[in-house]
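Novice: pasting the sequence and the predicted coordinates here, then a few questions.
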Amino acid sequence: MMNKLIFAVFCGIILWTESMAGQPRKNPTFARSTVSSLSQTIDHGGTIESKYDGFNRETVVRLKKMRVSCGDAKALQSNHKATCVSIATSLHAPGVQLDYVRYVRLQLIFEAKDWDRRHALDERALVVVADEKTINLGKMALVAQDGDSNQLSDVMKEVLEVSLPYQTFKEIALAQVVEMRVGNTMFELNYKNLAALRDLNNRVKF
């Protein structure tokens with residue numbers, strides 16, 4: 001009787017093993033590739049470059065000029081629909097290192113066919129709203145204000161610049177919604193702009 005019981009248990013183990021062998025197994029390679037694809041960053045289309053400036057003895061990580069909006073009624077205040085807005089940002093780290101950023105430079109580039117779109121001296125204060133937090137960055141300095149030789153028609157190009165602490169830049173870069181106002185010009189950064197700023201921020205080792 002005992003021998004029959006042992007034989008029955010043994011047969012049951014064999015049948016269970018064979019049934020499990022027929023079940024599909026999880027593919028670890030597929031699981032890893034799925035996680036990898038989900039973790040990929042957005043292709044923001046911006047250009048980021050890093051170089052050492054020997055004259056100023058600093059490492060500069062720069063997001064080159066990137067279009068924000070060009071006459072979009074949703075992004076620009078109604079009386080500035082004919083203005084194209086771009087952004088450029090650079091992180092300045094002393095020496096040859098990326099562990100500490102001394103300051104950040106933010107440039108806003110305005111391009112329009114109407115020269116009356118220029119910002120007067122008393123209309124250059126930059127205010128940023130990052131996730132409902134209002135940040136006053138002060139008056140922007142005029143870097144350039146002339147015609148754009150790269151355009152076929154006569155286009156006014158105005159470049160305004162402001163310096164800000166790294167922690168303030170980080171708040172802006174990590175925000176979900178960012179709006180900016182310079183004088184009477186108001187606009188919102190699009191998701192690719194924000195992705196580019198986050199990518200720029202990720203280049204430093206904080």
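Specialist: The structure has been received and is ready for your questions.
Novice: can you classify Gly138 as helix, strand or coil?
Specialist: Taking DSSP: H, G, I helix; E, B strand; the rest coil as the rule, one finds Gly138 in the strand state.
Novice: after the worst-scoring helix or strand of the chain on mean pLDDT, next one along is what?
Specialist: With mean pLDDT, DSSP states H and E as the measure, the helix or strand of the chain carrying the lowest mean pLDDT is helix 28-38 (a mean of 33). Taking DSSP states H and E as the definition, the helix or strand that follows helix 28-38 towards the C-terminus is strand 48-53.
Novice: please enumerate the helices of the protein.
Specialist: According to DSSP state H, the chain carries its helices in the segments 2-21, 28-38, 166-173, 191-201.
Novice: excluding its backbone neighbours, what's nearest Glu123?
Specialist: The shortest distance from Glu123 to any residue that is not its chain neighbour, by C-beta to C-beta, 6 or more residues apart in numbering, is 3.0 Å, and that residue is Gly183. C-beta: built from backbone N, CA, C; applies to glycine.
Novice: what does Lys170 give?
Specialist: Distance criterion C-beta to C-beta, 6+ apart; nearest residue to Lys170, sequence neighbours excluded, is Asn201 at 6.0 Å.
Novice: tell me the buried residues in stretch 125-135?
Specialist: Under the neighbour-count criterion of 16 or more other C-beta atoms under 10 Å, stretch 125-135 has 126, 128-130, 135 buried.
Novice: ignore the last one, stretch 167-182
Specialist: By neighbour count on 16+ other C-beta under 10 Å, the buried set for stretch 167-182 is 168-173, 175, 178-180, 182.
Novice: and of the residues you listed, the nearest to Ala141?
Specialist: Distances from Ala141 to the buried residues of stretch 167-182, taken as C-beta to C-beta, are shortest for Val182 (12.0 Å).
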